[in-house]
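[1] Can you look at this prediction? I've put the sequence above it.
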Amino acid sequence: MTIRIAGIGTNLPEKVVTNDDLAQSIDTNDDWIRERAGIRERRVGGITSEMAVAACREAMAQAGAGPDDIGLLVLCTTSPDQTFPATSAVVQAGLGLSCGAFDVNAVCAGFLYGYVTAYGLMCVPGGPEKLLLCGSDAMASLTDWTDRGTAILFGDGAGAVVLERHVEGELLGWDLGADGSLGSILYCDHGGFIKMEGREVFRKAVRAVVGSVDKALVNAGIQASDVDVFLPHQANIRIIEAVASRVGIPMEKTHNVIAHTGNTSSASIPLAMAQAQADGVLEPGAIVCMTGFGGGMAWGTAVVRW
Ligand SMILES: CC(C)(COP(=O)(O)OP(=O)(O)OC[C@H]1O[C@@H](n2cnc3c(N)ncnc32)[C@H](O)[C@@H]1OP(=O)(O)O)[C@@H](O)C(=O)NCCC(=O)NCCS
């Protein structure tokens, strides 16, 4: 028995903010944002728990799982509804679950940290048969909409998966990394807004992610050319292009949503995964490489046989 992803769900708030909308209040323009970041619009106005509940419901429906089937809920978020209770508790109640629930905060690497943690918990004797893993972030609420260095990048969204024991699908290799000495290049104080040294984050992110993908591929005992589907964190299309080219995975194997979502932090990888599913490439046996990075800095990669 191994563990597979049995269902995927997503949720985006209704309100769309286009680049032209942003250009009305800050000194920027649509051409610059598209060219430098690959973003056309983003969704805002989401509440972390509400988006998570909606994404989880969709993932559970696709997996054919009811509330009583879920043995554990792991919620990845860097924008909790409150300091406490944990937002996972709010989502647990919203879904009518009776299982345990906890939050993971590794900022934009959250989904990878959550995935590896969840996978490990399912392998422990007595671990859950089915586990709900969700990334949900309301980054718009942490964004200073007068700061053009960050306002162009972030948006709200949620993505969820149901993990279940099965005969198909397994985690082949992974890597989780962090360098807390880089905290000052991307952070958000209590009650404050995101502060970022964009160019420095760009440089460090490319280096960290390339190293992480390389390590995870070695752990999996495969080469970059074996990867069928590449799901990178959706922060900036130029970071995705730089990583793909350095790792040796063609851009055609990436499945991106950034143009319409911006950077949704913990939600971005499951949102890209839902896009890959819609594109029809998540076939049983496909080699899927997910990788992410963010504040901390923290990063992570998981190489999965679908
Ligand atoms: C933020 C980011 C898009 C800025 O792009 P960049 O290419 O590094 O841009 P720079 O800061 O070097 O600025 C280049 C020029 O564009 C201008 N500029 C910066 N922001 C702008 C904006 N929003 N609109 C228009 N012009 C802008 C600058 O003033 C500068 O002009 P100059 O050459 O006349 O001095 C980019 O650094 C980035 O995406 N970094 C990574 C951020 C990230 O991924 N964060 C999340 C991690 S999870």
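    Nice, I can see it.

[2] so how many other residues sit close to V288?
    Per other CB atoms under 10 Å, the neighbour tally for V288 reads 23. Just so you know, the C-beta spots here come from the backbone N, C-alpha and C atoms, and that holds for glycine as well.

[3] try D279
    D279: 10 neighbours (other CB under 10 Å).

[4] Then the one 3 residues further on?
    L282 is flanked by 19 other residues according to other CB under 10 Å.

[5] Surely it is in a helix?
    No: under DSSP: H, G, I helix; E, B strand; the rest coil, L282 falls outside any helix and is assigned coil.

[6] Could you pull up the contacting residues of it?
    V229, M273, A276, V288, W306 (CB atoms under 8 Å, 6 or more residues apart in numbering).

[7] JSON lines for the residues you listed, including pLDDT, secondary structure and distance to the ligand?
    As requested, the contacts of L282 are exported to JSON lines (pLDDT from 0 to 100; DSSP: H, G, I helix; E, B strand; the rest coil; distance: CB to the nearest ligand atom, whole Å):
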{"residue": "V229", "pLDDT": "98", "secondary structure": "strand", "distance to the ligand": "21"}
{"residue": "M273", "pLDDT": "98", "secondary structure": "helix", "distance to the ligand": "18"}
{"residue": "A276", "pLDDT": "98", "secondary structure": "helix", "distance to the ligand": "20"}
{"residue": "V288", "pLDDT": "98", "secondary structure": "strand", "distance to the ligand": "21"}
{"residue": "W306", "pLDDT": "97", "secondary structure": "coil", "distance to the ligand": "26"}
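
[8] Reformat those as TSV; add distance to G64.
    Formatted as TSV, the contacts of L282 follow (distance: CB to CB, whole Å):
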residue	distance to G64
V229	23
M273	18
A276	20
V288	21
W306	18
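
[9] Skipping adjacent residues, who's closest to the closest residue to the ligand within the stretch 1-150 of the chain in space?
    Residue nearest to the ligand within the stretch 1-150 of the chain (CB to the nearest ligand atom): T28, separated by 3.2 Å. Of all residues not flanking T28 in the chain, R148 sits nearest, at 4.8 Å (CB to CB, 6 or more residues apart in numbering).

[10] And the pLDDT at the closest residue to the ligand within the stretch 101-250 of the chain?
    Here the residue of the stretch 101-250 of the chain nearest the ligand is G198; by CB to the nearest ligand atom that distance is 3.0 Å. pLDDT for G198: 97.

[11] Now do the same contact list for it.
    Counting by CB under 8 Å, 6+ apart, G198 has contacts G149, T150.

[12] Doesn't L163 belong to a helix?
    No: applying three-state DSSP, one finds L163 to be strand, outside a helix.

[13] wait, it sits on A6?
    Yes: applying CB atoms under 8 Å as the test, L163 and A6 come out as touching, 7.1 Å apart.

[14] Show me which of the two is the more surrounded one.
    L163 (28 against 19).

[15] Spit out the contact partners of the closest residue to the more buried one other than its chain neighbours.
    Take L163 and drop its neighbours on the chain: the residue closest to it by CB to CB, 6+ apart is L131, 4.6 Å away. Shown in contact with L131 (CB under 8 Å, 6+ apart): I70, G71, L72, L73, V74, A118, L121, M122, V162, L163, E164.

[16] Just among those residues, which is most surrounded?
    Most surrounded of the contacts of L131: other CB under 10 Å gives L163, at 28 neighbours.

[17] so what's that one up against?
    L163 makes contact with I3, R4, I5, A6, A118, Y119, M122, K130, L131, L132, L133, according to CB under 8 Å, 6+ apart.

[18] ok, how many other residues are close to the closest residue to the third one other than its chain neighbours?
    This means I5. In space, I5 comes closest to V161 once its chain neighbours are excluded; the distance is 4.8 Å by CB to CB, 6+ apart. Residues lying near V161 (other CB under 10 Å) number 29.
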